[in-house]
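Asker: Starting from these lines, generate the structure:
(chains A, B and C)
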Amino acid sequence: MNKLTIDYLQSSLLDYYSSFARDLPWRKTKDPYKIWVSEIMLQQTQVKTVIPYYERFISKLPTVLALASAHEDELLKLWEGLGYYSRVLNMHKAAKMVVKELNGMMPHTSKDLLKLPGIGLYTAGAIASIAFEERISAVDGNVHRVLSRYFGLSLTKEALVPLMYEILPSKRIGDFNQAIMEIGALICLPSLNPNCQSCPLKDNCVALDMNLIDSLPLKPKKLIRTKELYTLLMITDDASYYLQKRPAKGLLANLWEFPLLKGHLSQTEIINYVQSLGLKMLKMMELPNTSHAFTHKDWDIIAYKVTIINPQPLNDFTLVFKDDLLKNYTLSSLFNKYQEYYR
DNA sequence: AACTCGGGGCT
DNA sequence: AGCCCAGAGTT
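Answerer: Numbers count the residues shown, from 1 in each chain, chains lettered A, B, ... in the order given. The predicted model follows:
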């Protein structure tokens, strides 16, 4: 690539960033721990969603030592509703490694960051460039889209890394990486109508020039969501509810849930089920149906609140006071949609 | 290279 | 109703 192109990209992007960068909480610091937390939260999650979670997480756990010392239950509660829960468990493992093996000092290079669980090519590059000014790329979905369009290329994110390495400046590396992401987030939108007229790169954008904006980057093959039917039972004596912990692997791993039975059960089947647990039913109330979309599944849920008169320990369930439930037990947001019925 | 893993913002 | 989000780990 010629020097003129590189100079143009560097000055356009850095000038844009100096003028228009959003004032985001994690941009007020160079603390690698805080940058790390923000980058993990931002994986497949929009900025607007992350901000309140980030503020609360940093306020409760301001250092890597605090994170390493935290209990898993507390971490999941801080992550409740954010999704992709393995992110926070991997971060917990990594924090323990940093404290135990690195004397509490965050790795200073992308190569060493990459060794920590939950930190992949993008996140290692983001932390190293933003917190330590390492000359390394950070190719996320935004960068992929902006570069694909600007150069008129159809390449994977991995294939864009060497290209990024050519155009990276020798200083303000973190700003440069964030500038491309910023343009991807604010201007070079994935929708059919990006704001090309206000883009600092509009004069030399191949996709804009050749009318390829809509076709770049190449759309991934669209996924198939399978429908699954469930019956949710809130079994209560009005003071406590039966919960169960989901398995350590798979969807919503390690989270708590109300008894969730496969299929849409009839009221007779529910009565039989509750009796089979040894519980005496006082009344049963039908709750609103809900649907919940995951990446690959679509759950169609019917729900009942079942009031019983003889609460007792059960093998597969834990009886939890409702105040304790709200404070200390992490549920998927699909269960929290029913919060007005158990609070 | 293709799956899996949440939840929500935006159109 | 569908797309995609400051992706990573597993198969």
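Asker: What are the contacting residues of the helix or strand where A:Ser148 lies?
Answerer: Secondary structure from DSSP states H and E places A:Ser148 in helix A:141-151. Residues from elsewhere that reach helix A:141-151 (C-beta atoms under 8 Å, 6 or more residues apart in numbering): A:137, A:139, A:153-155, A:157, A:160, A:163-164, A:177, A:180-185, A:188, A:190, A:201, A:204-208, A:212-213, A:216-218. Backbone N, C-alpha and C define where each C-beta goes, glycine included.
Asker: Where does chain A get nearest to DNA strand B, which residue?
Answerer: A:Gly83 (2.6 Å; C-beta to the nearest atom of the strand).
Asker: picking up where we left off before, so the helix holding A:Ser148, near DNA strand B or not?
Answerer: No - Helix A:141-151 is not in contact with DNA strand B by C-beta under 7 Å from any atom of the strand; minimum separation 10.9 Å.
Asker: how far is that helix from where the chain is centred?
Answerer: Counting by C-alpha atoms, centre = their mean, to the nearest Å, helix A:141-151 is centred 22 Å from the centre of its parent chain.
Asker: Show the average pLDDT along the following helix or strand past that helix.
Answerer: Where DSSP H and E defines the elements, the next helix or strand beyond helix A:141-151 is helix A:157-167. Here helix A:157-167 scores 96 as its mean pLDDT.
Asker: What separation do you get for A:Met210 and A:Phe151?
Answerer: Using C-beta to C-beta, to the nearest Å, A:Met210 is found at 11 Å from A:Phe151.
Asker: Looking at the two, which is more packed in?
Answerer: A:Phe151 (19 against 12; other C-beta atoms under 10 Å).
Asker: Buried among the contacts of helix A:141-151? Need that as a selection in PyMOL.
Answerer: To isolate the buried members of these in PyMOL, using 16 or more other C-beta atoms under 10 Å:
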select buried, chain A and resi 137+139+153+157+160+164+177+180+181+182+183+184+185+188+201+205+207+208+213+216+217
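Asker: Who are the contact partners of whichever residue of the stretch 51-200 of chain A sits closest to DNA strand C?
Answerer: Closest approach of the stretch 51-200 of chain A to DNA strand C (C-beta to the nearest atom of the strand) occurs at A:Gly120, with a separation of 2.5 Å. Shown in contact with A:Gly120 (C-beta under 8 Å, 6+ apart): A:Leu114.
Asker: give me phi/psi at it?
Answerer: Backbone torsions of A:Gly120, given as degrees, to the nearest 10, read phi -100, psi -160.
Asker: Look at it and report its pLDDT.
Answerer: 98.
Asker: gap between it and A:Leu24?
Answerer: Distance of A:Gly120 to A:Leu24, computed by C-beta to C-beta: 22 Å.
Asker: Also A:Asp324?
Answerer: Counting by C-beta to C-beta - A:Asp324 and A:Leu24 are separated by 35 Å.
Asker: swap in A:Ile271?
Answerer: 53 Å.
Asker: How about the residues of the stretch 151-300 of chain A by DNA strand C?
Answerer: Listed as neighbours of DNA strand C in the stretch 151-300 of chain A under the rule C-beta under 7 Å from any atom of the strand: A:Gln178, A:Met181, A:Glu182, A:Gly184, A:Ala185, A:Pro190, A:Lys219, A:Pro220, A:Lys222, A:Thr295.
Asker: Near DNA strand B, which residues of the stretch 201-343 of chain A? Just list them.
Answerer: So the stretch 201-343 of chain A meets DNA strand B at A:221, A:223, A:250-253, A:292-297, A:332-334 (C-beta under 7 Å from any atom of the strand).
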